[in-house]
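*Asks:* Okay, predicted coordinates and the sequence, questions at the end:
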Amino acid sequence: APKKAKRRAAEGSSNVFSMFDQTKIQEFKDFTVIDQNRDGIIDKEDLRDTFAAMGRLNVKNEELDAMIKEASGPINFTVFLTMFGEKLKGADPEDVIMGAFKVLDPDGKGSIKKQFLEELLTTQCDRFTPEEIKNMWSAFPPDVGGNVDYKNICYVITHGEDKAN
């Protein structure tokens, strides 16, 4: 019985790694960016420190607890990969996200005016906070004409990095 349990555990972890190519796994090794205290486990304080490093202070304990509770146990690298893979399964494909942006771009220019997009994001549905807007423009700065390249935003949402990189 112990041999079967070991084999099952090994198979479980290898399935996690088969969900991603080696390049993605290497990117995820930046796990240490979140594991602020470098103990191999992401805990509540690591999350708080990560949010602070991103400029988001005063994160509520309840929010951090909810994040930690998403895992079935301590969040080591393998658990982190599994959780990330599960989250990605729920992400819309690039063409769906692109289609949503194209509705806002009837001329098919591949860009949307910053002012228009910001107005939508701050007044509709899940409204962006001023801090979220600031972070978005920091990550996706508009060009000198005030246009936002939504194709790049779609790419980053679905691939996790800028096309230029």
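*Replies:* Great, that's in hand.

*Asks:* who's in contact with Gln149?
*Replies:* Rather than Gln, residue 149 is Asp. 110-111, 140, 143 (C-beta atoms under 8 Å, 6 or more residues apart in numbering). The way it works is simple: take the backbone N, C-alpha and C, and place the C-beta from them, glycine included.

*Asks:* er, Asp49 actually
*Replies:* 36-37.

*Asks:* So it belongs to a helix, correct?
*Replies:* Yes: counting by DSSP: H, G, I helix; E, B strand; the rest coil, Asp49 is part of a helix.

*Asks:* Quick check: the gap between it and Lys134.
*Replies:* Asp49 is 20 Å from Lys134, where distance means C-beta to C-beta, to the nearest Å.

*Asks:* and what of Val79?
*Replies:* With distances taken as C-beta to C-beta, Val79 is found 32 Å from Lys134.

*Asks:* Look at the two and report which has more neighbours.
*Replies:* Val79 (18 against 12; other C-beta atoms under 10 Å).

*Asks:* show me what contacts that one?
*Replies:* Going by C-beta under 8 Å, 6+ apart, Val79 touches 71-73.

*Asks:* Would you mind checking those residues for buried ones?
*Replies:* Among the contacts of Val79, none counts as buried by neighbour count (16 or more other C-beta atoms under 10 Å).

*Asks:* Narrow those to those in helices?
*Replies:* When those are checked against helices (DSSP state H), there are no matches.

*Asks:* Helix or strand for the nearest residue to Ile97 once chain neighbours are set aside, just tell me which one.
*Replies:* Among residues not flanking Ile97 along the chain, Cys154 sits closest, at 4.7 Å (C-beta to C-beta, 6 or more residues apart in numbering). Using DSSP states H and E, Cys154 sits in helix 150-159.

*Asks:* Show me what that helix is packed against.
*Replies:* Packing partners of helix 150-159 (3 or more C-beta pairs under 8 Å, 6 or more residues apart in numbering; DSSP states H and E): helix 94-103.

*Asks:* for the helix it packs on, packing partners?
*Replies:* The contact analysis (3+ C-beta pairs under 8 Å, 6+ apart) places helix 94-103 against helix 150-159.

*Asks:* Report the angle between the helix it packs on and helix 94-103.
*Replies:* 150 degrees (axes from the mean of the first three to the mean of the last three C-alpha atoms, to 10 degrees).

*Asks:* any idea how far helix 150-159 is from the chain center?
*Replies:* 12 Å (C-alpha atoms, centre = their mean, to the nearest Å).

*Asks:* can you check stretch 143-152 too?
*Replies:* Worked out by C-alpha atoms, centre = their mean, stretch 143-152 lies 21 Å from the chain centre.
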